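Chemist: Quick one: sequence plus predicted model below, questions after.
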Amino acid sequence: MKVLILDKSALLQIPDVSGLPNLETLSFKNCLHLVTIHYSVGRLGKLKILCAHGCPCLTSFPPLELASLEQLDLSSCCSLESFPHVVGSLGTLKILNVEGCSKLKNFSPLKLPSLEILNLSICESLEKFPPLELASLVQLNLSYCVRLDNFPPMVGSFRNLKILNFEGCQMLKNFPPLELASLEKLDLSNCSSLVSFPPVVGSLGKLKVFNFKDCPMLTNFPPLELASLEKLHLLNCDRLVSFPAVVGPLGKLKMLNIEGCRMLKNIPPLELTSLENLDIRNCDRLVSFSPVVGPLGKLKSMYVKDCKKLKNFPPLEMTSLEKLHILSCDSLVSFPPVVGSLDKLKILKVDDCSMLKNFPPLKMTSLEELNISFCESLESFPLLVGSLGKLKTLRSSRIF
């Protein structure tokens, strides 16, 4: 027999399986009453897949001497207090999932040279790690390990790592220098004690997605090379004073979202030739944008709201723009100077910009919705060049 499935059974213990030396897959997931596992499970030399997901009464595991194991799933074993003792190494293990083991407190030292995916999310009691050797690691998920205060000590580099997730690690304060040359996605959201960005050895030249949300202690970033970045989210970083110093262009960036960064004063010159969505909100001290290097020829949506001190925009070339919202920007005096036309613009909404005085002449032949409201200082209605044959909705209140 090579496969034994005991899922959702009423077993209190996994019996002796020493008579099944050829077993390659053993699963007993969602055994809600399972308390103990016979030691023979840990001695199945040909076992490749071991799944114990969702066994809430299981408090311990027998020692593991599983030379052929490739996948180990202990997720949602919410009473498990320690990781199984490993006899020798788990040299062939590729996937280790311990998600949701909320009472898991510690690990023994592990040598996992073939491990590619390590999921330790929602291990709420986990505080520290022993040294781990993870030379082949591709994905590391430590999200919502709320008691983890330091980055796990690793032997060697993270040269193959593509996804790194520390979302919700509220006690995490800092990182050691990291070599992350292959990293594609980085999530450090809700790390409320994080003071500084991880020191990076080399570049982040392959990083595509960068999430930084609710990091109120973070004040700045080191210079970063982000040539492949496609999405950048900086949200609710209350003490962030300056935008990340970017080395080289952001030529592949498609989405830029800056929200609730109340100390941020300016955005440096950026090359954003691939940008499609620009969203800036609740940046109370943002005074101005620096000139954009090159056109914003692919920009489709621009949303600026509650930037109370923003006075002006640089000239912008936005020939693909479809949606433009400028809301509650109390200090804005003039509409963004537009280079060329806005022929593809479908929605224009300017609301509660009490100091706005004028618009330049605008050509918006595709416009479907126009809303200009609560702009009490506006001297005249915008001069619209060309036809408005596609206009469906016109709203205007408390202007002039």
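Modeler: Arrived safely, thanks for sending.
Chemist: what's the burial count for residue 394?
Modeler: Here the number of neighbours of residue 394 (other Cβ atoms under 10 Å) works out to 11. Using the backbone N, CA and C atoms, a C-beta is placed for each residue, glycine as well.
Chemist: Same question for residue 244.
Modeler: 19.
Chemist: ditto for residue 33
Modeler: If you count neighbours by other Cβ under 10 Å, residue 33 ends up with 13.
Chemist: ok, now how distant is residue 336 from residue 179?
Modeler: According to Cβ to Cβ, to the nearest Å, residue 336 and residue 179 sit 41 Å apart.
Chemist: Between these two, point out the one with more neighbours.
Modeler: residue 336 (19 against 15).
Chemist: where does the stretch 201-350 of the chain dip in pLDDT?
Modeler: Along the stretch 201-350 of the chain, segments meeting pLDDT under 70 span 201, 291, 293-294, 339-340.
Chemist: can you rerun that using 80?
Modeler: Counting by pLDDT under 80, the stretch 201-350 of the chain shows low-confidence ranges at 201-203, 220, 247, 289-294, 338-341.
Chemist: is it true that residue 388 touches residue 364?
Modeler: Yes - with contact defined as Cβ atoms under 8 Å, residue 388 reaches residue 364; the gap is 7.3 Å.
Chemist: of these two, who's got more company?
Modeler: Neighbours per residue (other Cβ under 10 Å) separate residue 388 from residue 364, with residue 364 holding more: 25 against 15.
Chemist: residues contacting that one?
Modeler: Going by Cβ atoms under 8 Å, 6 or more residues apart in numbering, residue 364 touches 341-343, 345, 348, 384, 386, 388.
Chemist: The stretch 201-350 of the chain: strands as residue ranges?
Modeler: If DSSP state E, counting those that start in this stretch is used as the criterion, the strands of the stretch 201-350 of the chain fall at 209-213, 231-235, 255-259, 266-267, 277-281, 288-289, 301-305, 323-327, 347-351.
Chemist: Including mean neighbour count and distance to residue 193, could those go into a markdown table?
Modeler: Below are the strands of the stretch 201-350 of the chain laid out as a markdown table (neighbours: other Cβ atoms under 10 Å; distance: least, Cβ to Cβ, whole Å):
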| stretch | mean neighbour count | distance to residue 193 |
| --- | --- | --- |
| strand 209-213 | 20 | 14 |
| strand 231-235 | 20 | 17 |
| strand 255-259 | 20 | 21 |
| strand 266-267 | 16 | 26 |
| strand 277-281 | 20 | 25 |
| strand 288-289 | 18 | 31 |
| strand 301-305 | 19 | 29 |
| strand 323-327 | 20 | 33 |
| strand 347-351 | 19 | 37 |
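Chemist: Need those strands in JSON lines (columns: distance to residue 380).
Modeler: Compiled in JSON lines, the strands of the stretch 201-350 of the chain are given as follows (distance: least, Cβ to Cβ, whole Å):
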{"stretch": "strand 209-213", "distance to residue 380": "41"}
{"stretch": "strand 231-235", "distance to residue 380": "37"}
{"stretch": "strand 255-259", "distance to residue 380": "32"}
{"stretch": "strand 266-267", "distance to residue 380": "30"}
{"stretch": "strand 277-281", "distance to residue 380": "27"}
{"stretch": "strand 288-289", "distance to residue 380": "25"}
{"stretch": "strand 301-305", "distance to residue 380": "22"}
{"stretch": "strand 323-327", "distance to residue 380": "17"}
{"stretch": "strand 347-351", "distance to residue 380": "14"}
